[in-house]
Each structure stands twice: as C-alpha cells, then as structure tokens.
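# Everything below, folded, please.
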Amino acid sequence: MQWSLFVLILMGQCSFFTCHLYEYHFIPEGKTWEEAQSYCRENYIDLATVSDMRDVERLTNSSQTTDAWIGLHSISRMSWHWSLPGVEFEESETEWETGQPDNKANCVVIRRQQWHDWPCNEHRGFICYNEPNQTYHCKYETKNWLEAQSYCREHHTDLVSGFKQMNSTEFKETIKTVSNPNNDFWIGLFRDTWSWSDGKNFSFRHWEDSFEDVASKCAMTTPNGKWSSNTCTNKKPFYCYAYGDKVILIKVKKTWDEALTYCRENHRDLVSITDRHQQRWVEKRAKMADTEFVWLGMRYTCTLDLSFRVSDRSVCNPNLTPKKKTVRCDSAVAMKRDGKWYKKADSEKFHFICAK
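Now for the predicted structure:
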C-alpha cells in the first residue's frame with residue numbers, strides 16, 4: 001500500500017535536510033572486524049561510516065594515531081562508483097567506447113569523449129573539478145588514479161565525476177584545449193567490492209595512494225589519516241558511530257511552529273530523520289517524553305506542490321501511520337513513543353526533539 005505525503009522541509013528547500021547527527025567513538029580494545037561490528041551494534045549504532053572529507057576530518061580529530069577498523073569491508077560483488085560524494089552512478093548515463101568496459105581494470109580514463117577502463121596503478125594525466133565555480137582543470141602531470149584523486153581533493157574538489165559534469169558545455173570546452181586528442185585522462189569513475197557495515201551506499205573512499213585492492217579484506221585507518229586494509233580476523237582497535245548528544249528532547253509542550261522556533265533559536269533545527277539508524281536513536285529519546293507524541297521536522301504545505309511518496313518498506317520513514325489518505329493544510333508529523341509517525345494538527349502541543 002502506498003500513499004502521498006506532502007511535506008515542507010525546514011530549511012526552505014525542496015529536499016530533505018540531512019545533517020551529521022552522529023559522532024565517532026574510538027574503542028582501544030583489540031577485536032576482529034566482525035567482533036568490532038557486533039560491539040558497535042550493541043553499544044552504539046555500527047562501525048564508523050565515512051561519507052566525505054568532512055567526516056574524514058571529524059574522524060581524524062577524534063582519532064588515535066594507530067590503525068583502527070572502520071565499517072568498510074570487501075564483498076564479492078563489483079560495483080561502479082563516482083569519486084565525488086553524492087554523485088550516483090547510473091548505467092543509462094555512460095559514454096563507454098565500443099567494447100568497453102571489458103572488466104579487466106577498475107579505473108576509467110577518458111579519450112576523445114569516450115570512456116575506457118584502465119589499470120588504476122598506471123600513470124596518466126587527470127581532470128579535476130572545482131565545486132565553487134564549476135570549473136574543470138586538465139593536469140598533464142601523470143599520476144596513478146589514487147594519486148590523481150588525492151591531488152584533486154587537496155587542490156580542487158575531486159576528480160571530475162558524473163555524467164552531468166562531463167556532458168556540460170564547460171567540460172567539453174575544457175577537453176578541446178587538450179593538445180593531443182589521444183591523451184588519456186583519469187576521471188572519477190572506479191569500481192570496487194567494498195561495502196559499508198550499516199548498509200549505506202556511500203561511494204566515498206580515502207585510500208592511501210599506494211593501496212592495492214585485495215579481496216576478503218577489511219578497511220582501517222592509518223596514522224596519516226588515509227585508509228588501508230588488513231585481514232579481517234586480525235585484532236585491532238576500531239571506531240563506532242552513534243548520534244550521542246546531537247539530538248535533544250525538549251520536555252516543554254509547544255505547537256509545531258513554536259517548537260521550530262525554539263529549536264532554531266536554541267539549537268539547530270527540529271530533527272529530520274533520513275534513515276533507520278537515526279530513527280532508532282530518535283525513538284529512544286521519544287520514549288522519555290511525557291506527551292504521547294513528539295514533534296519531528298516534517299510538515300505539509302498547501303502553497304508548494306511538493307510530494308514525498310512513502311511505502312511500508314520506505315527506509316526514510318517506515319513508521320508513518322496515516323489515519324486518512326487526505327492531508328490537512330495544518331498538518332505536521334509527530335512520532336509516538338512507540339516510534340510510529342503520525343500526521344497531527346500543528347496547533348496541538350507536544351514535547352519535541354531538536355538537532356544540535
């Protein structure tokens with residue numbers, strides 16, 4: 001069964017606001033990767049997931065200078081990814097040369113606007129993307145793929161990533177400046193067998209420049225902040241993540257608008273839940289409320305033609321339990337103490353949960 005829910009996201013944007021509600025915890029006790037995974041799931045949320053360079057900095061700031069497990073491990077299935085966080089690979093949006101990919105290599109070069117898979121350890125020129133002004137920079141100095149990725153992340157944003165970027169007029173004009181049309185340049189497309197313990201599909205990787213992908217391995221941090229891998233049965237310290245004090249239950253009865261104002265003035269915002277892990281953590285806070293419901297950061301608006309379709313199996317809000325298929329203009333979403341979500345009149349007064 002499916003139904004439509006119209007929502008207004010709190011930041012005034014037509015998409016869900018996702019913030020880093022979690023924090024990292026270093027556990028110095030040596031455990032195998034699977035033992036560490038079990039420990040994190042029992043005491044926190046899971047082994048550490050890292051989604052971008054901001055997470056790398058937070059992990060590094062909270063870290064010890066030692067090798068430690070994170071939540072990335074090698075599985076049997078190969079998947080293509082883009083280097084730039086947040087850019088999803090689509091099979092229908094590719095520019096492979098005829099006969100490519102031939103599945104003999106795991107990184108990709110561009111040659112005359114066509115893509116070729118290529119051994120990642122070979123040295124080629126590369127193309128960086130700069131986020132603030134959306135510019136592209138061809139680098140003729142040759143590097144292996146990981147070295148090229150590191151250079152682009154340090155000096156620009158990342159290796160050029162995504163069909164939209166490479167189909168842009170700016171990118172095509174940049175390619176025209178290449179003096180030799182037969183030159184191969186690394187782009188941000190790669191494939192690997194790595195997967196996150198908590199099931200998130202983040203494609204972000206931060207391997208050492210000399211890293212070699214070996215099957216049946218688990219990922220770990222290194223003293224320089226980058227990642228390597230080791231046999232999963234070895235015992236090492238590890239990093240867990242949890243939401244900690246990043247969310248707070250406010251035990252004062254307020255309407256939805258009053259709750260929104262309070263959270264923005266005193267913390268960050270009303271909490272938005274975007275995955276089952278955040279759901280579980282916020283649900284724990286909701287159980288401590290004295291009201292039957294607590295306000296969440298979701299609301300219906302009659303002024304915008306926005307809809308968010310959910311189903312019984314939705315990851316974002318599997319607990320939404322509507323009483324009717326119609327939605328009133330003065331509705332907002334509240335969580336019951338059992339974790340289920342309900343549409344309630346925004347004039348009702350409940351306790352609420354803020355994101356800090």
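# Please identify the helix or strand for residue 251.
In this structure, residue 251 is located in strand 247-254 according to DSSP states H and E.
# Would you mark the buried spots in that strand?
247-250, 254 (16 or more other Cβ atoms under 10 Å). For the C-beta atoms, the positions are set from N, CA and C on the backbone; glycine is no exception.
# What strands flank it, and is each parallel or antiparallel?
Strands adjacent to strand 247-254 in the sheet, as given by DSSP bridges, are strand 350-355 (antiparallel).
# Quick one: mean pLDDT over stretch 57-72.
For stretch 57-72, mean pLDDT is 81.
# Flag every buried residue along it.
Judged by neighbour count (16+ other Cβ under 10 Å), stretch 57-72 contains these buried residues: 58-59, 63, 67-72.
# so of these, which ones are in helices?
With DSSP state H as the criterion, helices contain 58-59 from among the buried residues of stretch 57-72.
# Could you work out the most separated pair of the buried residues of stretch 57-72?
Based on Cβ to Cβ, the longest span within these runs between 58 and 67 and measures 18.4 Å.
# for the protein, which spans come out with low pLDDT?
Low-confidence regions of the chain, defined by pLDDT under 70, span residues 1-21, 62-65, 179-182, 215-216, 244-245, 300-329.
# Now do the longest strand anywhere in the chain: which elements does it pack against?
With residue count as the measure and DSSP state E as the assignment, the chain has strand 68-82 as its longest strand. Counting contacts by 3 or more Cβ pairs under 8 Å, 6 or more residues apart in numbering; DSSP states H and E, strand 68-82 is packed against helix 33-43, strand 46-47, strand 185-196, strand 217-221, strand 227-231, strand 236-242.
# Show the subsequent helix or strand relative to that strand.
Elements were assigned by DSSP H and E; along the chain past strand 68-82, the next helix or strand is strand 107-111.
# re earlier: how about the buried residues of strand 247-254, which pair is most distant?
The largest separation in the buried residues of strand 247-254, counting by Cβ to Cβ, is between 247 and 254 at 16.5 Å.
# Could you check how far the strand holding residue 251 is from the centre of its chain?
Relative to its parent chain, strand 247-254 has a centroid offset of 28 Å by Cα atoms, centre = their mean, to the nearest Å.
# The residue nearest to residue 95 when sequence neighbours are not counted in helix, strand or coil?
Take residue 95 and drop its neighbours on the chain: the residue closest to it by Cβ to Cβ, 6 or more residues apart in numbering is residue 115, 5.2 Å away. Using DSSP: H, G, I helix; E, B strand; the rest coil as the criterion, the local structure at residue 115 reads strand.
# Likewise for residue 291?
For residue 291, the assignment made with three-state DSSP gives coil.
# ok, now which ones touch it?
Listed by Cβ atoms under 8 Å, 6 or more residues apart in numbering, the contact set of residue 291 reads 253, 349-351.
# And those, which is closest to residue 46?
Taking Cβ to Cβ as the measure, residue 46 sits nearest to residue 351 out of the contacts of residue 291, at 27.8 Å.
# how many neighbours does that closest one have?
Counted with other Cβ atoms under 10 Å, the neighbours of residue 351 add up to 22.
# Now do the contacts for it.
Shown here is residue 351, whose contacts under the criterion Cβ under 8 Å, 6+ apart are 249-253, 289-291, 294-295.
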